[in-house]
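1. give the three-dimensional model of this entry:
(4 chains)
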2 protein chains.
Amino acid sequence: MTKTPAESQQPARAATIYEVARLAGVSHQTVSRYMADRSKLRAATSEKVERAMAELKYSPNLTARSLRTKATYRLLALVPGASPYFPSRMLNGAAATAQAAGYQLDVVALEGTGPERTARLRRILDGGPFAGALSFVPISSTDLLQAQERIPVVVAGEYDDKMRGQGRISDGSAAQTIVAHLAGLGHRRIAHIAGPQEWPAARNRLAVYRQAVGHAGIEDGGVADADWSSASGYTAARALMADTSITAIFAANDQLAIGAMRALHDLGLNVPADVSVVGWDDHPESAFLVPSLTTVQMDLEAQGSSTMHQLLAALTPGAPVPPEPGPTAMRLVLRESSGPAPSGRRQTRLNP
Amino acid sequence: MTKTPAESQQPARAATIYEVARLAGVSHQTVSRYMADRSKLRAATSEKVERAMAELKYSPNLTARSLRTKATYRLLALVPGASPYFPSRMLNGAAATAQAAGYQLDVVALEGTGPERTARLRRILDGGPFAGALSFVPISSTDLLQAQERIPVVVAGEYDDKMRGQGRISDGSAAQTIVAHLAGLGHRRIAHIAGPQEWPAARNRLAVYRQAVGHAGIEDGGVADADWSSASGYTAARALMADTSITAIFAANDQLAIGAMRALHDLGLNVPADVSVVGWDDHPESAFLVPSLTTVQMDLEAQGSSTMHQLLAALTPGAPVPPEPGPTAMRLVLRESSGPAPSGRRQTRLNP
DNA sequence: CTTCGTATTGTTATCGATCACATACTTATA
DNA sequence: TATAAGTATGTGATCGATAACAATACGAAG
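-> As a prediction, the model looks like this:
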């Protein structure tokens, strides 16, 4: 073939409402009305339009519509640029929901820090014709307020944050179950490896952990700060293990737990005989680790979808909001990495 | 505050070229020309326009521009919907490159199979005003051809596929290094766990593996088919281990390798003493597994970026193409999971 | 049989940019 | 200095849709 794809695009030129109108023998406005609300047309007219549309394979030019209505039907998803610890399943859930509501989701990586990041955010929002934004990365409150002046912005997890503040069921609530599980196994002093506190999910899990420890009547052996990476989990676990009375570690995600398990291994400690480890997120690989990882199974798609529903609700103040899914399904999955607390006092066997 | 974000948007209404023109004392067309190519204006005029734009904080309405020019500056990224085995780092790389070239990247999940999927693809391309598409999921050649009629479509990995066919350096070439590595450790009979063959990357790795085994003068103990998941890696490894003379497994990605290692563990086999395992992709967690995983480090961002460059090149036939990055950096990372071949013949120790 | 109200449809303006062409203004050349 | 050629700018049309308003058709009430 001699034609490039770009050239052969010509014959496929999309039909306009005018062509549809001519073929149907009505005015273009009638066609427009058909699309807005076909029930306002007489059945016979409606059918004529329908037939013409089908014949011409008509699909509306969204650009033209946007120009006229000023509604863009484009949403912005902000994702972490560098970090590979972002669950793309959440993005998929959000994108699917957006699509179902007739919106397109543009994904943009928000990188950098401080003022540079603020400037970048501003530039994206100023230039782009977005109706709203959904951020999977933490945004400082000043940046958020500034952005909110232009379009609705929803930050993933912040709603859960609020729910927890109100004592309602939130994303972090499974932390309660974890602590109870460990207490039930006889652990009297446990520790937490926390994610970066800018992230609502990390705050949430930590807060519920603290609360639950008190509630279960066991001791908090300390909280180690980490980012979401296995490397930081490794470092954190080594530090925590200085306290030899800690018999269980609850990590804020599976990657941290993997790093922690490796640290315990390097310290000559056995999981779960010496120390139990619990993760969070239930990565598909976690079931196949040695030992397999006790963790919290999350419906991340549903979480993404739920966050998107929040944004959609903010977008259309009056309109009927699609049903928001119930509280995200969470389930503690018991595997090999958690077990009964050791009876005797622990001693580091290998190099510390 | 009583105003909703939507309402307070009002005062921020963007200026148009007409307002800029009036303020600058020129015609709207002059302003338009300024944006297209300011060098065609007289210095004095250019400056007037510039000043007016700055004062009004003018930014062009991309929607209106698109309507007129038919150029959309929006690209489509197709990602697997259900599968969590998609490296989002590739997407990030692609998105960044698109952005740098002035394009927005819309992410859409392509799910389903067969005709349903074809229909979905068609609907996305028909409705959406996309200038081009980049697919991270395999697309059947008929679907691809059909899509190509409308806009340029690039499928990630297929270019590498072609390069391999030409005997040039491709994504799969590290498989050669892996096989050589294992042969060097004394392994005489090894096996491969292959990814789904619709995926170019899986085809690539398998093809180079087959070739390299012959080249290294060792035996191919067989190829087990799998999807990308740890679960399928587990099943595949158990099946392969029926052949007791296989002493090393090369898995097409890290998740498969994790599943394989678990299967070996359940069979009472030690890694690497009894069987060596090598993965691919170097997930950040792989260094922290027990045993840590020998794998291939990939610059996935660069791969995503490179694929995007291909698309950009297809988009602008004549225009100067931004420099395509060199062959993607790949490096075999040696860790604990691979070691010398065992001397004696292996026997399954535990339940088979 | 008129009159009126409502349901349906048509006509024209509009969104904010670019394109095509006309015109005014420079500059170079004879 | 006159004229041609080239450069810079302005005017009106156009992209494909929706909005606002006008006009018509139809049926019920007077």
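2. compute the distance between the residue most central in space within chain A and chain B, please.
-> Central residue of chain A (C-alpha atoms, centre = their mean): A:Met90, 3.8 Å from the mean position. Going from A:Met90 to chain B by C-beta to the nearest C-beta, to the nearest Å gives 11 Å. Any C-beta I mention is one placed from the backbone N, CA and C, and that applies to glycine too.
3. show me what residue of the stretch 151-300 of chain A gets nearest to DNA strand D.
-> A:Ile151 (19.1 Å; C-beta to the nearest atom of the strand).
4. that residue: which element?
-> Here A:Ile151 sits in a region with no helix or strand, counting by DSSP states H and E.
5. my guess is it contacts A:Leu125. True?
-> Yes: contact status for A:Ile151 versus A:Leu125: in contact at 6.8 Å, counting by C-beta atoms under 8 Å.
6. of those two, which one has the most company?
-> Set A:Ile151 next to A:Leu125 and count neighbours by other C-beta atoms under 10 Å in any protein chain shown: A:Ile151 wins out with 22 against 17.
7. distance check, that one against B:Ala64.
-> Per C-beta to C-beta, to the nearest Å, A:Ile151 is found 19 Å from B:Ala64.
8. neighbours around A:Thr247, how many?
-> Neighbours of A:Thr247 under the rule other C-beta under 10 Å: 23.
9. could you report the separation of it from A:Asp220?
-> 13 Å.
10. and for these two, which residues touch both?
-> Shared contacts of A:Thr247 and A:Asp220, defined by C-beta atoms under 8 Å, 6 or more residues apart in numbering or on different chains, are found at A:189-190.
11. buried residues in stretch A:268-280?
-> For stretch A:268-280, a neighbour-count test (16 or more other C-beta atoms under 10 Å in any protein chain shown) marks A:269, A:271-272, A:274-280 as buried.
12. no wait, stretch A:17-27
-> Under 16+ other C-beta under 10 Å, the buried positions of stretch A:17-27 are A:17, A:19-21, A:23-24, A:26.
13. next: stretch A:301-317.
-> A:301-316.
14. also stretch A:47-64?
-> Residues of stretch A:47-64 classed as buried by neighbour count (16+ other C-beta under 10 Å): A:48-49, A:52-53, A:56, A:58, A:60-64.
15. quick one: contacts of it?
-> Under C-beta under 8 Å, 6+ apart, the answer for stretch A:47-64 is A:14-17, A:19-21, A:23-26, A:30-31, A:34-35, A:38, A:41, A:73, B:63, B:66-67, B:72, B:126-129.
16. hmm, try it at 6 Å
-> Contact with stretch A:47-64 is made by A:15, A:19-20, A:23-24, A:31, A:34, B:63, B:66-67, B:126-127, B:129, as judged by C-beta atoms under 6 Å, 6 or more residues apart in numbering or on different chains.
17. same deal with stretch A:96-113?
-> A:73-79, A:81, A:95, A:120, A:124, A:137, A:305, A:308, A:312, B:92, B:95, B:104, B:106-107.
18. end-to-end on it?
-> Distance between the boundary residues of stretch A:96-113 (C-alpha to C-alpha, to the nearest Å) amounts to 30 Å.
19. buried residues, that stretch. List them.
-> Applying 16+ other C-beta under 10 Å to stretch A:96-113 flags A:96-98, A:101, A:103-111 as buried.
20. likewise for stretch A:34-44?
-> Buried residues in stretch A:34-44, counted by 16+ other C-beta under 10 Å: A:34, A:41.
21. does chain B have contacts with that stretch?
-> No: if you take C-beta under 6 Å from any C-beta of the partner chain as the test, stretch A:34-44 misses chain B, and the best it gets is 12.7 Å.
22. and that stretch, what's its mean pLDDT?
-> Throughout stretch A:34-44, pLDDT has a mean value of 85.
23. ends of it, what's the gap?
-> By C-alpha to C-alpha, the extent of stretch A:34-44 from end to end equals 12 Å.
24. of the buried residues of stretch A:268-280, which is the nearest to chain B?
-> Taking C-beta to the nearest C-beta as the measure, chain B lies nearest A:Val271 of those, at 9.2 Å.
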